[in-house]
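> Let's see this in three dimensions:
(one chain, ligands or ions: 2)
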Amino acid sequence: MSKISCLIIESDQEAIRHIDILGRTIGSVEVRWKTNTLDTGIAIIKKHLPEMAIVGMGKNPDASIDAIAALSRDFPALFLLALSDKAESDLILRAMRAGAHDFLCKPVKEIDLRAAAEKVYKLKAARLDKKPEGGRIVSVFSNKGGNGTTTIAVNLADALVRYHGKKVAVVDLVLSHGDVTMFFNVNPSYSIIDLARNSQKADYDFLHTLLVRHSSGVYILADPPMIEDAELISPTQVREVLGTLRSMFDYIVVDTPHQFDERTLTALEMSDNILLVSLLNLPSLRNTQKCLELFGRIGLRDERVRLVISRFLPNDEIPRDSIEGILNCPVFFSVPNDYPAVIASVNRGKLLYETFPTKEVTKSFRDLSNLLALSIVPQQTAKPIKRGLLEKIFPPGRRTK
Ligand SMILES: Nc1ncnc2c1ncn2[C@@H]1O[C@H](COP(=O)(O)OP(=O)(O)OP(=O)(O)O)[C@@H](O)[C@H]1O
Ligand SMILES: [Mg+2]
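Ligands and ions are numbered 1, 2, ... in the order given. Sure, this is the predicted structure:
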């Protein structure tokens, strides 16, 4: 059995050394990363995907409980252990309620670390035993143009293939003026119209020929060749197309239009994750706020919605922390600002990895793909959108069937 990779976030060096030795003794836990700050811990999780994290409760248990809650929320697949020198029932209860899977008391006993390792193995086995549920749909959405949704969709898809070996399709749902085929520099023979017309056919090989494969391994379902063809696709067909792709791919990344039409809402409703893209400036944040409010009204504001800041500059006038307060939504990820690299890649018809593999902006897509892989949201647990409100937004006369 492979060893469980473990991160320890703790300032007590003696405790770290002790767990390290215990891990070697029992042979199943390998302490690979040690840090005493949560920020560094999060950076390590994003980059290396540990299977287990031990979080020290330290002198400020409240901050540690918050940290456990944040880690449990953002990394549901991570096995979390709280570590304290006091086994007070109140503290244990709070840590478990915040999302810790177990509680360790210093000095950690061999039997307790062994029991934790057993739990991780059981969880891993349970995940492997689960029947394949079909692929995950990740929609990249912004209710404002030019925020970087297409850049994120295509480079994230590439990272999911490159670093996770997943089978990935990108769907261009910007039906009247999509950019995805241009970003990948591919010439498709077919488009979403052909898949919409044939999605009832069960012939897997035939359906595959309707997508074009890029050299990176990403498959692309193109937007219609002519602007006026966009109207030929109905919301029902969007549902059928995405449903069909779910059975063919591990991940379906959808580049979405910026309007709330029914086709877009259908895709968002079917998504396992919605990456809501915003910039760190007031007009963009205002729009994002309105969007989150609408998501709330139609029943779409839940843990699937993840806020992504695009073109992020560390010294921006509006600090990242204040955004979370204004929007009442945690920032899931920030893509660094690097206009020269991004535009040069697009103009050359290349992905960021193909042109600038070592740039920070390129590496950020590896981190984003890691984060997504860790933040598994149970499929289809979300309720359907409140259609009644939709009818008010799109009166039946204006709707395409
Ligand atoms: N991380 C980044 N750093 C700097 N510039 C970026 C970044 N991401 C995207 N851009 C630039 O922002 C502009 C918009 O990017 P992109 O086309 O990806 O956004 P979009 O939301 O899909 O736009 P549209 O509304 O046209 O569909 C482009 O000029 C692109 O080069
Ligand atoms: Mg776009």
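> so what's residue 83 bridging to?
residue 56, residue 104 (DSSP bridges).
> Is there a neighbour count for it? I'd like the number.
25 (other C-beta atoms under 10 Å). In this view, the C-beta of every residue, glycine as well, is placed from N, C-alpha and C.
> pretty sure it is in contact with residue 58, am I right?
No. Here residue 83 does not reach residue 58: they are 9.0 Å apart, not a contact under C-beta atoms under 8 Å.
> Find residues that contact each of the two.
Residues touching both residue 83 and residue 58 (C-beta atoms under 8 Å, 6 or more residues apart in numbering) are residue 10.
> Going along the chain, name the helices of the stretch 51-200 of the chain.
Ranges of helices in the stretch 51-200 of the chain, per DSSP state H, counting those that start in this stretch, are 61-74, 89-98, 110-129, 149-164, 180-184, 192-198.
> what residues go with each domain of the chain?
Segmentation of the chain into domains, based on automatic domain parsing, reads 4-129, 136-398.
> of those, which approaches ligand 2 most closely?
Closest approach to ligand 2 among these (C-beta to the ion): domain 136-398, 3.3 Å.
> quick check, the closest one touching ligand 2?
Yes. Contact of domain 136-398 with ligand 2 (C-beta under 5 Å from the ion) involves 150, 179.
> Just confirm yes or no for that domain near ligand 1.
Yes. Residues of domain 136-398 are located near ligand 1 by C-beta under 6 Å from any ligand atom, namely 142, 145-151, 179, 258, 310-311, 335, 337-339, 342-343, 346, 361.
> Select only the buried ones of these in PyMOL?
Per 16 or more other C-beta atoms under 10 Å, the buried members of these correspond to this PyMOL selection:
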select buried, resi 142+147+148+149+150+151+179+258+310+311+335+337+338+342+346+361
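> Which ones among the residues of domain 136-398 next to ligand 1 map onto strands?
310-311, 335 (DSSP state E).
> Residue 252 is in contact with residue 153, isn't it?
No. Contact between residue 252 and residue 153 fails when scored by C-beta under 8 Å: they sit 10.7 Å apart.
> low pLDDT regions in this protein?
Along the chain, the parts satisfying pLDDT under 70 run over 1, 126-133, 202, 376-383, 387-401.
> show me where it has strands.
Under DSSP E, the chain gives strands at 4-9, 29-35, 52-56, 79-84, 102-105, 136-141, 168-172, 212-213, 219-221, 251-255, 273-278, 305-312, 331-336.
> Output the third one as PDB - backbone C-alpha positions only.
Extracted C-alpha coordinates of strand 52-56, given in PDB (Å, rounded to 0.1, in the frame of the first residue of the first chain):
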ATOM      1  CA  MET A  52      -3.600  14.200   5.200                       C
ATOM      2  CA  ALA A  53      -3.100  17.500   7.000                       C
ATOM      3  CA  ILE A  54      -2.500  17.800  10.700                       C
ATOM      4  CA  VAL A  55      -3.400  21.300  12.000                       C
ATOM      5  CA  GLY A  56      -1.900  22.400  15.400                       C
END
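> That strand to strand 29-35, inter-axis angle?
Orientation check (axes from the mean of the first three to the mean of the last three C-alpha atoms, to 10 degrees): strand 52-56 against strand 29-35 gives 50 degrees.
> I'd like to know which elements strand 52-56 is packed against.
Strand 52-56 sits against strand 4-9, helix 38-48, helix 61-74, strand 79-84, helix 110-129, with contacts defined as 3 or more C-beta pairs under 8 Å, 6 or more residues apart in numbering; DSSP states H and E.
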